[in-house]
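Chemist: sequence and predicted structure are below.
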2 protein chains.
Amino acid sequence: MTRACEGRYAHPMPDSRETTLDLDPKYDAAGLITAVATDRNTGELLMLAHMNAEALKLTVETGAAHFWSRSRAALWKKGETSGNILHVTEIRIDCDQDAVWLIVDPVGPACHTGARSCFYRRIEGDRLALVE
Amino acid sequence: MTRACEGRYAHPMPDSRETTLDLDPKYDAAGLITAVATDRNTGELLMLAHMNAEALKLTVETGAAHFWSRSRAALWKKGETSGNILHVTEIRIDCDQDAVWLIVDPVGPACHTGARSCFYRRIEGDRLALVE
């Protein structure tokens, strides 16, 4: 049966990435997947960044969030200089395996601006308002 | 003063996108920003998708999540065919304005697979485990 598929072509069979229990990340042309971190206690979305295969491997192995910095073209252990480590308590992956969700205990502010979360502004029409 | 910047070059002045209260999304080369939806009640990460300027505008104006489908190259109102609308209660934008966080009340499953969330598998080493 063709299933109702939103945001992609309808297909007669589900993509194997959706059903497998093998980790099989779907890296983009730059070798990256998207990573989103939320606070385990508050549920707040803290940050969004990218991972290459090495960053994902190190995150799984060490329990500290690692990313790939696209601007610096370098592997990046979050908090390596600031001390604001993200301790990863659980990692989930989405249906097509091109995004991961890190459930974390943050040591300090997650945003390089010093804000607890990078998402410190709310959209109100075409303006923004600081949250809190 | 140069501030500690993780994941990007250190810079002497903060990017104006970080401090402004003007909505000024930083679209990528394809004209897209990343959008993440979490459930207002449970805090669960439901899905990750992309928006072009029109999708963001329609989401702000209508309160129903709209995205840009990269595979179909088309604007996409989430739930238009399935009925599984995401009612958006708040939209936040991140420091460099290339990602938005939608806090939503979902009508039904957010994932095209029928799962409540696209993130229905946990990474355990190089294997995945179904959540719940």
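Modeler: That came through fine. Fair warning: this is a prediction, and the values are worked out from it, not measured in the lab.

Chemist: next, give phi and psi for residue A:54.
Modeler: Residue A:54 adopts backbone torsions of phi -70, psi -40, taken as degrees, to the nearest 10.

Chemist: now for the closest residue to it other than its chain neighbours, how many residues are close by?
Modeler: Distances taken as CB to CB, 6 or more residues apart in numbering or on different chains place residue A:75 nearest to residue A:54, at 5.9 Å, with adjacent residues excluded. No exception for glycine: its C-beta is placed from N, CA and C like everyone else's. Neighbours of residue A:75 under the rule other CB atoms under 10 Å in any protein chain shown: 15.

Chemist: with the one 5 residues further on instead?
Modeler: Per other CB under 10 Å, the neighbour tally for residue A:80 reads 13.

Chemist: can you read off the pLDDT for it?
Modeler: Here, the pLDDT recorded for residue A:80 equals 96.

Chemist: and it, helix, strand or coil?
Modeler: coil (DSSP: H, G, I helix; E, B strand; the rest coil).

Chemist: related to what we said a few turns ago, partners of the helix or strand hosting the residue nearest to residue A:54, with directions?
Modeler: Using DSSP states H and E, residue A:75 falls within strand A:74-77. Within its sheet, and counting by DSSP bridges, strand A:74-77 is paired with strand A:66-69 (antiparallel).

Chemist: bridged to the residue nearest the centre of chain A, which residues?
Modeler: Against the mean C-alpha coordinate of chain A, by CA atoms, centre = their mean, the closest residue is residue A:35 at 1.5 Å. Counting by DSSP bridges, residue A:35 is bridged to residue A:49, residue A:100.

Chemist: so what touches stretch A:56-69?
Modeler: A:25, A:31-33, A:35, A:37, A:49-52, A:54-55, A:74-79, A:85-88, A:91, A:100, A:102, A:104, B:6-8, B:123, B:125 (CB atoms under 8 Å, 6 or more residues apart in numbering or on different chains).

Chemist: revised request: answer the last question for stretch A:104-119.
Modeler: Under CB under 8 Å, 6+ apart, the answer for stretch A:104-119 is A:37-41, A:44-48, A:65, A:78-79, A:82-89, A:120, A:131, B:3-8, B:14, B:18, B:92-95, B:99, B:101.

Chemist: what is the burial count for the nearest residue to residue A:78 once chain neighbours are set aside?
Modeler: With CB to CB, 6+ apart as the criterion, residue A:78 has its nearest non-adjacent residue at 4.6 Å, and that residue is residue A:65. Residues contacting residue A:65 under the criterion other CB under 10 Å number 27.

Chemist: re earlier: can you tell me which residues contact the residue nearest to the centre of chain A?
Modeler: Contacts for residue A:35 (CB under 8 Å, 6+ apart) come out as A:48-51, A:55-56, A:65, A:67, A:99-102.

Chemist: sorry, back to before: pull out the buried members of the contacts of stretch A:56-69.
Modeler: A:25, A:32-33, A:35, A:37, A:49-52, A:55, A:76-79, A:85-86, A:88, A:91, A:100, A:102, A:104, B:6-7, B:123 (16 or more other CB atoms under 10 Å in any protein chain shown).

Chemist: just the contacts of stretch A:104-119: which are in strands?
Modeler: Those of the contacts of stretch A:104-119 mapping onto strands are A:37-39, A:45-48, A:86-89, B:92-93, B:99, B:101, per DSSP state E.

Chemist: what subset of the residues you listed is buried?
Modeler: Here, 16+ other CB under 10 Å leaves A:37-39, A:45-48, A:86, A:88, B:92-93, B:99, B:101 buried among the ones in strands among the contacts of stretch A:104-119.

Chemist: next, the buried residues of the helix or strand harbouring residue A:61.
Modeler: Using DSSP H and E, residue A:61 sits in helix A:53-62. Neighbour-count burial for helix A:53-62 flags A:55-56, A:58-60 (criterion: 16+ other CB under 10 Å).
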